[in-house]
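> Predicted model and sequence follow; I will ask about them next.
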Amino acid sequence: MKNKFKLSIGLMVAALAFTSCNNSTQTSNKGALGSSAAEKVYVAPGEHDSHYAFMSGGYSGNLTVYGLPSGRMFKEIPVFSQFPTNGYGYSEETKPMLETSYGFIPWDDSHHPDISQTNGELDGRWIFINGNNTPRIARISLKTFETEEIIEVPNSAGNHSSSFITENTEYVVAGTRFSVPVPQRDMSIKDYKGNFKGALTFISVDPEHGHMDIKFQILMPGFNYDLSHPGRGKSHGWFFFTTYNTEEANSLLEVNASQNDKDFIAAINWKKIEEYVNNGGGTMMPANYAHNLHSDVTHTATSTMKKEVRVVNPAEVPGAVYFLPTPKSPHGCDVDPSGEYIVGNGKLSANLTVHSFTKMLDAIEKEKFDGEAYGIPILNFEDVLAGSVEQPGLGPLHTEFDGQGNAYTTFFISSEVVKWKLGTWEVLDRKPTYYSVGHLTIPGGNSRKPFGKYMFAMNKITKDRYLPTGPEMEHSAQLYDISGDKMELLYDFPTHGEPHYAAAMPAEIIKNQSEKFFKLSENEHPRKTLSDGEAKVVRDGKNVHVYMTMIRSHFSPDNIEGVKVGDKVFFHITNLEQDFDVPHGFAMIGANNAELLIMPGQTRTLTWEPQQVGVWPFYCTDFCSALHQEMQGYVRVSPADSDIELSW
Ligand code: K7E
Ligand code: RUQ
Ligand code: CUA
């Protein structure tokens, strides 16, 4: 076994290194599909798609919403970015969402969306997504499709093995890619080994409102924790993480030359640790991290800085943490719908290794260990091996399941999706992807109840698939019909940013809960204005508060005088409409970089610090009625020493 792994490594390292310019192994199929493919993706005008797909935006920091099978993009939901399209991250109400212990950070790298679950099935209440760079987890409402909450993850760096949900959404789990000194301190990088720690973070989710709270962090040895998935069904209560750099080298150049032939899957019995913590176990340690919450009543976000976090050392809870050896440099860590099979995707391995949960429990019970690392028992590779798919492709990354006993694995280097059978490990089908696929998604494909029917691959390289758009191309997704024995490529469609993972589900689950507008009668915004008659302008020192309303097709007030250079003007604007899809926009020359797009019943605030005397116009940015172009007004700005009184 060992030799087999070693043999393959040299070859594959070479393949890995050359992959981005070596797509010549893949000849592009163009226009080769029959009319049946066209019929399968055609959604007639006015008809709805059958599925939603939520794609991570990667370095856009956002989440995009698509329809399947059409591949039409419906919406981009801003999460970790400032988003001028609707003023998210610019308006006073949403700015606190982007606060962190590092300050206001309006960008991140989002990788893995995951939909909330009940009994292991997608329930469509919320979708969670990680921010990799400044470690954060966001919760987005699937009623309003807005980001409602962001929690920062302390003691973490490169929040990559995140954000995956346990079977009843008890926890959203985050794992650190980089191990770091915990707590952070000035020390030599050479002293990495044995001194850095990898935090795995269990964030509890309140079942009623979804509010997140860090319940505990497990301080693991200083490996890299790459990806993770919860156990489900029989393995509910466990969580699995792939690790790499188990050598704890401070430069991965050495590791790529490969010392160990195996890394580990860390198996965490979180129920055991939860019980320990519920009984007062663990240690509170100082840590600064932001918790940002958007109220759907006041439509206003607040940011709170937390000061401590509960940490647990695995040695404190014997029997809670084990290591399963898995082929070198695994990436994905995927658990099948039954909870029995844990697929580790050793990127440099010739075979795809599948571990058995039952065998793992058995070996643990018999205490059959093959040494330990930092007091954590290491199981024997053969003892926990369920089977392996022989030579399925090159560079395996991620696996999803169709609920019919089949698994689908992406291969980055050989640029294909391979369908194989759980239990017999035989390869059933393979289809090329254009080009170099990362993740793939089957609706519900990482839950206990996959919906099958469709699979889409998210490809890292686009090249000639679309009309050229200069050196920078959008990434590309490809939709396959997986209802038959063989996968059938149906369609290509571009994606935004770099979608790593995506979550998808039948539209029925959520389409009827989608909010149509906000009720004015429920608006508790402290600066709301509920009728034109209540509109006013109030001076408070150098701050001028404009309480404004908007309704087809005018602003109240629309002409304001008495503002002075050096003032800071707050436009608190309430959209009085009470109907579906009647937003109004607000744009003011030179105001805080963005406009506002205000939904019916909502109040939003934009600030403006006029620099020059003059008469400055504002207008509605959203074509809202035949008189949209008449929806406008002026602010007169006088010199700082002027004695003109406010009037409107
Ligand atoms: Cu494979 Cu961040 Cu999920 Cu991208 S990771 S592909
Ligand atoms: S106007 S409908 Cu600026 Cu031609 Cu938009
Ligand atoms: Cu309101 Cu255009």
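Received, thanks. Ligands and ions are numbered 1, 2, ... in the order given.
> quick one: average confidence on stretch 289-298?
Averaging pLDDT along stretch 289-298 gives 93.
> Please apply the same query to stretch 100-111.
98.
> Only the buried residues of that stretch, if you could.
T100, I105, P106, D108, D109, S110, H111 (16 or more other CB atoms under 10 Å). Every residue, glycine included, has its C-beta placed from N, CA and C.
> Quick check, the second one in contact with I150.
It stands for I105. No - applying CB atoms under 8 Å as the test, I105 and I150 come out as separate, 10.3 Å apart.
> wait, doesn't M455 sit right on Y480?
Yes - counting by CB under 8 Å, Y480 is a contact partner of M455 at 4.8 Å.
> shared neighbours of those two, anything?
V417, M487 (CB atoms under 8 Å, 6 or more residues apart in numbering).
> Give me the contact list for stretch 420-430.
In contact with stretch 420-430 (CB under 8 Å, 6+ apart) are residues 336, 341, 352, 354, 387-390, 392-393, 401, 405-409, 416-419, 485-487.
> quick one, what contacts L219?
N155, V182, K197, G198, A199, V311, V312, N313, P314.
> Of those - the most surrounded one?
G198 (29 neighbours; other CB atoms under 10 Å).
> check contacts around it.
G175, T176, S179, L219, M220, P221, G222, F223, N224, Y225, T243.
> Arrange those in TSV, one row each, with pLDDT and secondary structure as further columns.
Putting the contacts of G198 into TSV (pLDDT from 0 to 100; DSSP: H, G, I helix; E, B strand; the rest coil) gives the following:
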residue	pLDDT	secondary structure
G175	98	strand
T176	98	coil
S179	97	coil
L219	98	strand
M220	98	strand
P221	98	coil
G222	96	coil
F223	96	coil
N224	96	strand
Y225	97	strand
T243	97	strand
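> between those residues, which has the most around it?
When neighbours are counted by other CB under 10 Å, G175 leads the contacts of G198 with 32 neighbours.
> Apart from its chain neighbours, what residue comes closest to that residue?
Excluding the flanking residues, the one nearest G175 by CB to CB, 6 or more residues apart in numbering is S161, at 3.2 Å.
> Which helix or strand contains that neighbour?
Per DSSP states H and E: S161 is located in neither a helix nor a strand.
> Phi and psi next, for it.
Per-residue torsions, S161: phi -80, psi 50 (degrees, to the nearest 10).
> on that earlier part again, identify the contacts common to I105 and I150.
F80, L98.
> Who are the contact partners of K453?
So K453 contacts H51, P443, D481, I482, S483 (CB under 8 Å, 6+ apart).
> let's go with 10 Å and repeat that
Applying CB atoms under 10 Å, 6 or more residues apart in numbering to K453 gives the contacts S50, H51, L68, P69, D402, I442, P443, G444, D481, I482, S483, P506.
> and it, what pLDDT?
So, for K453, pLDDT stands at 96.
> Going by distance to ligand 1, which of the buried residues of stretch 100-111 wins?
H111 (3.8 Å; CB to the nearest ligand atom).
> Isn't the closest one up against A174?
No - with contact defined as CB atoms under 10 Å, H111 does not reach A174; the gap is 11.2 Å.
> so P392 makes contact with G346?
No - using CB under 10 Å, P392 makes no contact with G346, being 11.8 Å away.
> quick one on the thing from earlier: could the contacts of L219 be laid out in a markdown table, adding distance to I573 and secondary structure?
Listed next are these as a markdown table, based on distance: CB to CB, whole Å; DSSP: H, G, I helix; E, B strand; the rest coil:
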| residue | distance to I573 | secondary structure |
| --- | --- | --- |
| N155 | 41 | coil |
| V182 | 45 | coil |
| K197 | 48 | strand |
| G198 | 46 | strand |
| A199 | 42 | strand |
| V311 | 45 | strand |
| V312 | 47 | strand |
| N313 | 52 | coil |
| P314 | 52 | helix |
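> export the residues you listed to CSV and tack on pLDDT?
As requested, those are exported to CSV (pLDDT from 0 to 100):
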residue, pLDDT
N155, 98
V182, 97
K197, 97
G198, 98
A199, 98
V311, 98
V312, 98
N313, 98
P314, 97
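> which bits of this protein sit near ligand 1?
H111, H112, H160, L227, H331, L397, H398, G438, H439, H500, Y501 (CB under 6 Å from any ligand atom).
> Tell me which residues touch the residue of the stretch 351-500 of the chain at minimum distance from ligand 1, please.
Residue of the stretch 351-500 of the chain nearest ligand 1, by CB to the nearest ligand atom: G438 (2.8 Å). Residues in contact with G438 (CB under 10 Å, 6+ apart) are 58, 111, 331-332, 397-398, 410, 412, 457-461, 475, 498-501.
> What's the first helix or strand after the helix or strand encompassing it?
Secondary structure assignment for G438, by DSSP H and E: strand 437-441. Tracing the chain past strand 437-441, the next element assigned as helix or strand by DSSP H and E is strand 454-459.
> That following strand pairs with which strands?
strand 437-441 (antiparallel), strand 475-481 (antiparallel) (DSSP bridges).
> Output those in CSV; the columns should cover distance to I573 and mean pLDDT.
Formatted as CSV, the strands paired with strand 454-459 follow (distance: least, CB to CB, whole Å; pLDDT from 0 to 100):
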stretch, distance to I573, mean pLDDT
strand 437-441, 39, 98
strand 475-481, 37, 97
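> most neighbours per residue, which of these?
Highest mean neighbour count of those: strand 437-441, a mean of 25 (counted as mean count of other CB atoms under 10 Å).
> With just CA atoms, put it into PDB.
What follows is strand 437-441 as a C-alpha-only set of coordinates in PDB (Å, rounded to 0.1, in the frame of the first residue of the first chain):
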ATOM      1  CA  VAL A 437     -13.400  21.400 -12.000                       C
ATOM      2  CA  GLY A 438     -13.300  22.400  -8.300                       C
ATOM      3  CA  HIS A 439     -16.400  21.600  -6.400                       C
ATOM      4  CA  LEU A 440     -19.600  20.100  -7.800                       C
ATOM      5  CA  THR A 441     -23.100  20.300  -6.400                       C
END
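> Tell me how far it lies from the chain's centre.
Relative to its chain's centre, strand 437-441 lies at 14 Å (CA atoms, centre = their mean, to the nearest Å).
> just to revisit the earlier point, among the contacts of G198, which one sits closest to K568?
The nearest member of the contacts of G198 to K568, counting by CB to CB, is T176 at 40.2 Å.
> Only the buried residues of stretch 382-392, if you could.
D383, V384, L385, A386, G387, S388, V389, P392.
> Appreciated, that's everything.
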